[in-house]
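Undergrad: model this:
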Amino acid sequence: MAARPALTITRRGLLAAAAVGVVGCSSRNPAPASNTFRYGNDHADQFGRLRTPGGNARGLVVLVHGGFWSSSYGADLMEPLADDLHEHGYATWNIEYRRLGDGGGWPATFTDVAAAFDLVERLPDKVNGLRPGLPRHALGHSAGGQLVAWAASRTAATPGGPPRFLPERAFSLAGVLDLRTAARRGIGGAAVPQLLGGLPDEVPERYREADPLVLHPRKPVTVVVAADDQVVPASQAAAYLTRHRGPQVERIEVPGDHFALIDPTSNAWKTLRASIDRASPKLAGLGTD
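TA: I've put the predicted structure just below:
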């Protein structure tokens with residue numbers, strides 16, 4: 001079992017989950033249509049929640065929760081962000097995946113995320129409001145930030161095989177983006193070695209297929225750093241930005257701690273939503289202001 005994250009994560013995680021149903025919908029938009037779709041047949045955690053606004057969506061955002069890949073944390077952590085994004089005209093695909101302690105690890109966690117992302121191509125066939133040409137992005141927090149950066153770098157050689165869907169932009173919020181260093185320094189306790197089944201010198205091929213630092217991003221990645229983050233050090237983002245320096249990768253620093261990034265009332269989140277808006281230009285008569 002991976003070492004559990006600090007109790008502060010549990011407390012804030014519970015607060016975030018409790019916020020579901022508290023964050024109201026804008027009067028400009030009706031209650032979102034919500035559907036649960038499965039992307040696998042073998043495990044209860046192979047599903048995603050698709051929520052669409054009451055009309056054509058401005059864009060689709062794939063949400064990937066964190067929690068150091070542990071089964072102690074789930075997709076409910078991202079529901080407050082799904083509420084806020086809906087209020088501003090976005091559809092959301094909030095995915096669950098197998099995690100440490102409940103069938104996850106190598107390669108299950110990665111093949112699940114790959115399958116959940118690839119299902120995006122079929123979602124317009126399942127619901128209305130997902131128009132052709134819709135901007136489609138991915139946003140993940142902490143461990144989820146690692147997974148969305150990985151998803152933007154998938155190739156035929158990574159778990160899940162050739163990707164059918166790559167996000168137009170991946171937003172990695174406090175992502176664990178240098179897995180080898182995280183494993184050696186114990187970021188998240190033993191979470192990274194548990195995820196990949198060993199330390200970098202024990203299973204080097206797995207780190208080559210999973211580590212965003214090693215994989216070249218095939219789509220633009222926005223790396224988001226919280227100024228007062230005490231959970232994932234800023235050196236993780238710095239290493240990724242140094243390795244992948246260029247127009248494909250940008251850095252945004254926002255105020256607050258690790259959890260301000262998934263608090264829809266925070267200034268950090270408002271800055272991030274503005275960045276999503278810039279990546280999703282509004283078409284006449286669609287979305288919200």
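Undergrad: Direction included, what does whichever strand or helix holds residue 138 pair up with?
TA: Using DSSP states H and E, residue 138 maps to strand 136-141. Strand pairing for strand 136-141, using DSSP bridges, gives strand 59-64 (parallel), strand 170-173 (parallel).
Undergrad: Show me what secondary structure element comes after that strand.
TA: As the chain continues past strand 136-141, the following element, by DSSP H and E, is helix 143-151.
Undergrad: which helices and strands sit right next to that next one?
TA: Under the contact criterion of 3 or more CB pairs under 8 Å, 6 or more residues apart in numbering; DSSP states H and E, helix 143-151 touches strand 59-64, helix 108-118, strand 136-141, strand 170-173, strand 221-226. In short, each C-beta sits where N, CA and C put it, glycine included.
Undergrad: Between the ones you listed, which one is closest to residue 232.
TA: strand 221-226 (8.5 Å; CB to CB).
Undergrad: Dump that closest one to PDB, restricted to CA.
TA: The C-alpha coordinates for strand 221-226 follow below in PDB (Å, rounded to 0.1, in the frame of the first residue of the first chain):
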ATOM      1  CA  VAL A 221       0.600  22.000 -21.600                       C
ATOM      2  CA  THR A 222      -0.100  24.700 -19.100                       C
ATOM      3  CA  VAL A 223       1.800  24.100 -15.900                       C
ATOM      4  CA  VAL A 224       0.100  25.700 -12.900                       C
ATOM      5  CA  VAL A 225       2.000  26.400  -9.700                       C
ATOM      6  CA  ALA A 226       0.400  27.500  -6.400                       C
END
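Undergrad: which residues sit against it?
TA: 145, 149, 152, 169-175, 177, 234, 237, 240-241, 244, 248-258, 260-261, 268, 272, 275 (CB atoms under 8 Å, 6 or more residues apart in numbering).
Undergrad: Ok, stretch 234-248 next?
TA: Residues contacting stretch 234-248 (CB under 8 Å, 6+ apart): 149, 174-178, 181-182, 187, 212-213, 216-217, 219-221, 223-225, 249, 251.
Undergrad: Which parts of the chain are strands?
TA: 33-38, 47-52, 59-64, 90-95, 136-141, 170-173, 221-226, 249-254 (DSSP state E).
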